[in-house]
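Undergrad: Based on what follows, work out the 3D shape:
(one chain, ligands or ions: 2)
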Amino acid sequence: MTFMDEVTAHTPGAHPRLEMCIQCGTCGGSCPSGADMDHTPRQLFAMIKAEMRDEVLRSNTPWYCVSCYFCMVRCPQEVHITDLMYTLKRMAIKEGMYRESTAADIPDFSETFIDYVQSHGRSFELGLATRYHLRHHPLGMVKKAGLGLELIRRGRMDLTPKRIKDIDQLHAILAKARELGGEP
Ligand code: SF4
Ligand code: SF4
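TA: Ligands and ions are numbered 1, 2, ... in the order given. Here you go, the predicted structure:
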């Protein structure tokens, strides 16, 4: 199985679209996160074709994708670009490659976010910022403290996490997703 087959097999609708990429660059030109990415989506797809598995799974590009779908709307070949970014993220996690990318701390941010959503049914900004920044950017935390205090003072940020009603229903949905093979 080629790397291309592997990637498309895990992305509904991506076969045969990904192989039809004409390298026009419209996706990268449309991407709001392009400046932070190691490779444009176009380059990443050329690397998949060239079997550059490790380089692709180490790229920070999927981690900077904000799922805006702008590239997908504009792609002349209807490549499932955003969905492919999710597949590459899952593969990079499974193989531990994201730890070697220049976005190595971004999955931690995502994990912290998911922890709160799982336990409370919603994000908790103060906890998210505190846990993530203390671990990765303690100095940045000090710089942002003023902004945090101002948001709390204006009632724009909660001091404690608040749980949604009927959280059991969310837990049942998550349990079913895991049973069906979804990733935590
Ligand atoms: S816009 Fe579509 S066809 Fe053009 S480079 Fe990107 S993925 Fe390929
Ligand atoms: S969906 Fe992702 S890759 Fe596509 S334009 Fe938006 S941020 Fe960029």
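Undergrad: Break down the protein into its helices, ranges please.
TA: 3-9, 26-30, 41-49, 53-58, 61-64, 70-74, 81-94, 106-120, 125-136, 138-153, 167-179 (DSSP state H).
Undergrad: now what about the fifth one, what contacts it?
TA: Okay, so that is helix 61-64. Residues outside helix 61-64 that contact it (CB atoms under 8 Å, 6 or more residues apart in numbering) are 33, 36-41, 44, 85-86, 88-89, 92, 98, 101, 103, 106-107. The C-beta positions use only the backbone N, C-alpha and C, and glycine is treated the same way.
Undergrad: now do the third one
TA: Outside of helix 41-49, the residues that reach it under the criterion CB under 8 Å, 6+ apart are 3-4, 7, 18-19, 21, 23-25, 27-28, 31, 39, 55-56, 59, 61-62, 71, 79, 81, 84-85, 88.
Undergrad: give the contact list for residue 16.
TA: Going by CB under 8 Å, 6+ apart, residue 16 touches residue 8.
Undergrad: and the gap between it and residue 181?
TA: According to CB to CB, to the nearest Å, residue 16 and residue 181 sit 24 Å apart.
Undergrad: Measure how buried residue 59 is and give me the count.
TA: Using other CB atoms under 10 Å, residue 59 is surrounded by 24 other residues.
Undergrad: Do I have it right that residue 84 meets residue 11?
TA: Yes - in this structure, residue 84 is within contact of residue 11 by CB atoms under 8 Å, at 5.4 Å.
Undergrad: shared neighbours, these two?
TA: residue 18.
Undergrad: Can you tell me how far residue 3 is from ligand 2?
TA: Between residue 3 and ligand 2 the computed distance is 19 Å (CB to the nearest ligand atom, to the nearest Å).
Undergrad: what's near enough to touch that residue?
TA: By CB under 8 Å, 6+ apart, the contact set of residue 3 is 48, 51-53, 56.
Undergrad: picking up where we left off before, looking at residue 84 and residue 11 now, which is surrounded by more residues?
TA: The neighbour count for residue 84 versus residue 11, taken as other CB under 10 Å, is higher for residue 84 (25 against 21).
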